[in-house]
Structure formats: C-alpha cells, structure tokens
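Colleague: fold the following for me, if possible:
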Amino acid sequence: MTSIDIRAVALHLIEEDLASRDKAEQAITGFAESTDTFTKTRSYKVLSRRVVLPPVSRRELERSLHVVVELAENASINYVGVPLTDWDPATVAEALQEYPKLFLSVEYAPGQDQKIVGVLRQISGKSYLLATHFAVSFGPRLQTPYFPATQSVKRGVTMSLLYVEEFRREAPSDQLVAELLELQKQAEESFDNFTGIDLSLSPWMDRSVASLIEEVSGVTFTLPGTVAAIRELNARLETLTSHVRATGFNEVMLPLAEDNRLKELARTGQLRFSHLLNYTTYCVAGLDMVVIPETSEDAVLLGTLRDLWSVHQLKRKSIGLRLILAPADEGEEIDLGMFGKTPVISPLL
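Modeller: Below you'll find the predicted structure:
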C-alpha cells in the first residue's frame, strides 16, 4: 500500500480565466468538482486545495482578489497564491491582513534590498503569522503548488507530495517510479490539463526530511556527511524527474517550522541559521520558515538577501525565502498556528 499523500493540488489560472467573473467561476468550480471526484474515487489523501494566479500588478491586485478569493471560498479552496509584479510594502501587508487565505510573493532584483527589508518588517509588524504567507523568489517563480513562491505560466493542475516514507524503505527505486506513474495516470484522468508533479521532498512535522537525511548520512543533521546525504537524495529526485512529468523545484526542502527534527535541533542549538543558509548553496530549494528576532539589524537582513541572490546565480536555479521576524529573543519559541511552536534562532550564528 502506498504511503504517498497529496500535499497540495493546485489550479493554475491564466489571464484569460480572469477576464470575467463567469470564466473564473467556471474554472474554479470545475477544478473543485474534479478534486472531489479524485478524492472519492482514488486511494490518495488530498491535504490542501489551492489556486494560483498569473503575475498581477499592484493596480490589478484588489480587483483580482475580490473575485478569486470569494470564488475560492465558495468552492472550499484552502489557499490562493498571487505573484506580484510591482508592489509596495503597505499594499502587501494590507492585502495579507485582509485575506487570510492569501499567499503573496515578489521577485528579488538587485537594488530592491531595502524595499524587501521594509516589507518583511511591515508584514511582521502587523502580525508575524502573516510572514508565513509571504516569500521572496530569487530567480523566476516556478509553476509549482508550493506556496508562496509560485506563479501560473500556463493553465493546468499541479500536485505536490508528502512521501518521505517512500525514501526510507529498501524497495527498489523502480517501485517508486511505478507508483508515481500510476498517480500521474490517475491525475491525468481526473483533471483537465494536468501539467505535472513537483517531486520535491518536503516534510510535515513528524514526517521529517531532516530525520531521513540522518538515516542516509548515519550522523546527526549538520555534522559532516549531511551535505553528501542531501545531495544523494537530490540525485534520486533528479532520477525521478526523468520518468515522471515534473514541474517546479524538485529538490530537498528544509522548512524549519514544518519539520519536527529541525525544530528539535534548533532548540538545542545544534542547528543554526548559518547551516540552513549554507545548505541552499548545495542542494536545498531555499531558506524557508525560519524565525529570527525582530530586533535583527537591517544589515543582517540585507546580507541574507544578497547571499541568496548569489546562491541563485551560482546554482542557476530559483530559490525562495520565507523569513519571520518575531517579537521574541533567540532561544524562545513562538506559536505559528498550524505550524505549532517554533524556536527563534539567531541570524548571527
């Protein structure tokens, strides 16, 4: 029996779908009905349903949200992702505060560092929980069901997976390929324009990627051998992409607030900010769901942005940043809602 769960299934809309309310409603309602059928007739559990828009300007943001968010709520869609083209910190913070289902992202560009620091501070100033709904993309945003750094390039449906257990068992990799091909077949039969699976290896609490990395390396996460183990897992993911229709990042993901082993290591001081930042250089899709004190100086935040831009240029792959500035000190914990209690770490270590 498969241990694969569908972490998210996402509908990617294009501008034509947003030309009128009727067109948007037809697309979203049809997607919701197809997802209902998929969950009732297939053997997979779907954990969230999402809608992704094409890039939206600041001028069009309110109009798009007014239509899409209401339709999404009516269709029992969990989240809406909107990639912004032009923006200002106040508009971003206000939109996130007004629409709880909303996730926003912006693309980094040299020279915008201070503006991005400003939006990180303004969002966290309203509520640090809002910062979990905002990301910076270094490089073009990809068509992926992983939020917030996503966009719609073409109309279609994508999926992401929770399947850490599939990498633990000693079954040959061709068995996993067969399972993924069967999932792809069922998705193609259920959804119009199924465009692919983001095969990224992501955690959810006790379904820990960090623990898997420790099993592969044979050492505690962060010790020598960790990078080699992450690279080994990424190589396995790359092999899978040659067999299955893939989209998005297709890399190991290490979001601090979503992995209980990472939280445990952060609490004891074994996992540091510098570890997570450095791992993006080798083989991780970004610096994600990391909580630092709101008293962190601008110079540290600016340096983090510039380091991640350099990593993007080195890897020639898109990576993301989701950073939470909290009214707490290093070593304390904050409650991140559905992500649970998460340790605050210092960005200086």
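Colleague: where exactly do the helices run in this structure?
Modeller: 21-41, 58-74, 89-98, 113-126, 164-168, 173-190, 209-217, 226-241, 260-267, 273-282, 298-315 (DSSP state H).
Colleague: now render these as JSON lines, adding distance to Ala149 and mean pLDDT.
Modeller: C-beta coordinates here come from the backbone N, C-alpha and C atoms, glycine included. Below are these laid out as JSON lines (distance: least, CB to CB, whole Å; pLDDT from 0 to 100):
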{"stretch": "helix 21-41", "distance to Ala149": "21", "mean pLDDT": "94"}
{"stretch": "helix 58-74", "distance to Ala149": "17", "mean pLDDT": "93"}
{"stretch": "helix 89-98", "distance to Ala149": "14", "mean pLDDT": "94"}
{"stretch": "helix 113-126", "distance to Ala149": "13", "mean pLDDT": "95"}
{"stretch": "helix 164-168", "distance to Ala149": "22", "mean pLDDT": "92"}
{"stretch": "helix 173-190", "distance to Ala149": "23", "mean pLDDT": "93"}
{"stretch": "helix 209-217", "distance to Ala149": "18", "mean pLDDT": "97"}
{"stretch": "helix 226-241", "distance to Ala149": "18", "mean pLDDT": "95"}
{"stretch": "helix 260-267", "distance to Ala149": "19", "mean pLDDT": "98"}
{"stretch": "helix 273-282", "distance to Ala149": "13", "mean pLDDT": "94"}
{"stretch": "helix 298-315", "distance to Ala149": "12", "mean pLDDT": "96"}
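Colleague: and Ile197, which of those is closest to it?
Modeller: Across the helices of the chain, Ile197 has its closest neighbour in helix 173-190 (6.7 Å, CB to CB).
Colleague: check the offset of the closest one from the chain's centre.
Modeller: Centroid separation for helix 173-190 versus its chain: 22 Å, with CA atoms, centre = their mean, to the nearest Å.
Colleague: same deal with stretch 233-242?
Modeller: Here stretch 233-242 is found 19 Å from its chain centre; the criterion is CA atoms, centre = their mean.
Colleague: got it, and stretch 282-296?
Modeller: Centroid displacement of stretch 282-296 relative to its chain, using CA atoms, centre = their mean, is 13 Å.
Colleague: adjust the sequence numbering to begin at 38 for everything that follows.
Modeller: Renumbered: residue one is now 38, and that last one reads stretch 319-333.
Colleague: now it: buried residues?
Modeller: Of all the residues in stretch 319-333, those buried under the rule 16 or more other CB atoms under 10 Å are 320-331, 333.
Colleague: residue contacts, Val173?
Modeller: Going by CB atoms under 8 Å, 6 or more residues apart in numbering, Val173 touches 142-145, 153, 186, 342, 345, 357-359.
Colleague: 10 Å instead?
Modeller: Neighbour list for Val173: 142-145, 149, 153, 156-157, 185-186, 323-324, 341-342, 345-346, 356-360 [criterion: CB atoms under 10 Å, 6 or more residues apart in numbering].
Colleague: likewise for Arg244?
Modeller: By CB under 10 Å, 6+ apart, the residues touching Arg244 are 40, 42, 44, 199-202, 295-297.
Colleague: most surrounded residue in these?
Modeller: Within these, Asp296 tops the neighbour count with 29 neighbours, counted by other CB atoms under 10 Å.
Colleague: nearest spatial neighbour of it, skipping sequence neighbours?
Modeller: Nearest residue to Asp296 in three dimensions, chain neighbours excluded: Pro240, at 3.9 Å (CB to CB, 6 or more residues apart in numbering).
Colleague: next, count neighbours for that neighbour.
Modeller: Under the neighbour criterion other CB under 10 Å, Pro240 is assigned a count of 23.
Colleague: again, but for Asp372
Modeller: Neighbourhood size, Asp372 [other CB under 10 Å]: 10.
Colleague: cool, Gly155 as well?
Modeller: By other CB under 10 Å, the residues close to Gly155 number 18.
Colleague: Arg79 now?
Modeller: Residues lying near Arg79 (other CB under 10 Å) number 16.
Colleague: quick one: contacts for the closest residue to it other than its chain neighbours?
Modeller: Nearest non-adjacent residue to Arg79, counting by CB to CB, 6+ apart: Gln223, 5.3 Å away. Gln223 sits next to 75, 78-81, 231 when contact means CB under 10 Å, 6+ apart.
Colleague: kindly recompute the last result at 8 Å.
Modeller: Counting by CB under 8 Å, 6+ apart, Gln223 touches 75, 79, 81.
Colleague: output these as TSV; include the columns distance to Trp124.
Modeller: Output for the contacts of Gln223, formatted as TSV (distance: CB to CB, whole Å):
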residue	distance to Trp124
Phe75	35
Arg79	39
Tyr81	36
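Colleague: looking at those residues, which one is closest to Leu98?
Modeller: Closest to Leu98 out of those is Phe75 (30.7 Å), distances taken as CB to CB.
Colleague: so which of the contacts of Arg244 sit within strands?
Modeller: The members of the contacts of Arg244 that map onto strands under DSSP state E are 42, 44, 199.
Colleague: could you measure from the last one over to Glu144?
Modeller: Read it as Leu199. As for Leu199, its distance to Glu144 is 28 Å (criterion: CB to CB, to the nearest Å).
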